[in-house]
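Student: Build me a model from this:
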Amino acid sequence: MTITVESARKAIMDVWATYGDMIVAGAFDLLAASLILIIGVWFSRRLGRATRKLLLKNPRVDSTIASFGSSAVRYGLLAAVILAVLNQFGVETTSLVAVLGAATLAIGLALQGTLSNVAAGVMLVLFRPYRLGDDVQIGGAKGVVEDISLFTTELSTLENVKVVIPNGKVWGETISNYSARPTRRLDLEFAVSYADDLRQVEKVLRQAIAADSRIHAAPEPFVKVKKLADWSVIFAVRATVDNANFLDVGMDLNLAVREAFARAGITIPFPVQTSVHVDAPGPHADRDG
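Tutor: Predicted coordinates for the structure are as follows:
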């Protein structure tokens, strides 16, 4: 069978007559979808970057939250672009959105614990109850904050033990931040004998406090008798120190007071137990008497 130019031309014209409108419409749909996709991808990147810059202008938002928000905006817009592209080709997106919504709900229910940690992580970063390097106590865990992510908070204890706490648990616990204030109040107690001159004890304690330049003069250190215990008189000492000196001053002041008491002849008592032995009379005591 010989195919002539005329027959080929006639065949093309027949095809065009039958499918021409469909081809033109498909070409326009393809062009429109390509433009939507290209412009959508470009715009989503720009909007994501703009969102990140806008969030970073807020001092309460750090780079982790800024990146998370930027990604959420970018990929949310990309999802809308993809739906628009599919709709351009005649795909029924209503059913697709319903399926995606159901799938998202199922995934959300399966990962509700993880998602609660993410939500708590966002709240922690926004409200800043602690920062990296802060000395904190979260529930029963105490240590220095080493890392804060959207999922967990990592502490390093004094024993150099790594403690990882899910943010969902952190947000539901009482948080004590020992680094939040520039100064801290140091509370100490010292026991002396009832035989000592309590006025002299107070004077010696104040002298030991005044000798340490790291202890603030204002507010004035507090030195008073706190309690008359069974075997000693308890003095309470309260002094204000810089946060960074809290541990050192407490330990050094204990030593300084011990040496000052020794020089002044002040006694640091200790509990004494007295045992009394009573000889009970034997069973034949009356008879022998």
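Student: Going by C-alpha atoms from here, please, whenever you check contacts or count neighbours.
Tutor: OK.
Student: is residue 165 in a bridge, and if so with what?
Tutor: Beta bridges link residue 165 to residue 153 when assigned by DSSP bridges.
Student: That one against residue 149, yeah?
Tutor: No: if you go by C-alpha atoms under 8 Å, residue 165 and residue 149 don't touch, sitting 10.6 Å apart.
Student: Output stretch 249-256 in PDB with nothing but the alpha carbons.
Tutor: Taking C-alpha atoms only, stretch 249-256 is exported to PDB below (Å, rounded to 0.1, in the frame of the first residue of the first chain):
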ATOM      1  CA  VAL A 249      30.000  31.400  98.100                       C
ATOM      2  CA  GLY A 250      27.900  28.900  99.900                       C
ATOM      3  CA  MET A 251      30.700  26.400 100.300                       C
ATOM      4  CA  ASP A 252      33.300  29.100 101.100                       C
ATOM      5  CA  LEU A 253      31.100  30.700 103.700                       C
ATOM      6  CA  ASN A 254      30.600  27.400 105.500                       C
ATOM      7  CA  LEU A 255      34.400  27.100 105.800                       C
ATOM      8  CA  ALA A 256      34.800  30.700 106.900                       C
END
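Student: what about that stretch, distance to the chain center?
Tutor: Chain-centre distance of stretch 249-256: 32 Å, with C-alpha atoms, centre = their mean, to the nearest Å.
Student: Give the rounded mean pLDDT of it.
Tutor: Average pLDDT, stretch 249-256: 95.
Student: Could you give me the buried positions within that stretch?
Tutor: By neighbour count on 16 or more other C-alpha atoms under 10 Å, the buried set for stretch 249-256 is 249-250, 253, 256.
Student: Make CSV from those and add secondary structure to it.
Tutor: CSV is the format used below for the buried residues of stretch 249-256 (DSSP: H, G, I helix; E, B strand; the rest coil):
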residue, secondary structure
249, helix
250, helix
253, helix
256, helix
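Student: so where do the strands sit in the protein?
Tutor: Here the chain has its strands, by DSSP state E, at 135-138, 141-148, 152-156, 162-166, 175-177, 183-192, 222-228, 233-242.
Student: What helices and strands are in contact with the second one?
Tutor: In other words, strand 141-148. strand 135-138, strand 152-156 (3 or more C-alpha pairs under 8 Å, 6 or more residues apart in numbering; DSSP states H and E).
Student: Tell me which of the ones you listed lies nearest to residue 230.
Tutor: Nearest of those to residue 230, taken as C-alpha to C-alpha: strand 135-138 at 34.1 Å.
Student: which residues are in contact with that closest one?
Tutor: Residues from elsewhere that reach strand 135-138, judged by C-alpha atoms under 8 Å, 6 or more residues apart in numbering: 130, 142-145, 170, 173-179.
Student: Looking at those, state which has the most neighbours.
Tutor: residue 144 (24 neighbours; other C-alpha atoms under 10 Å).
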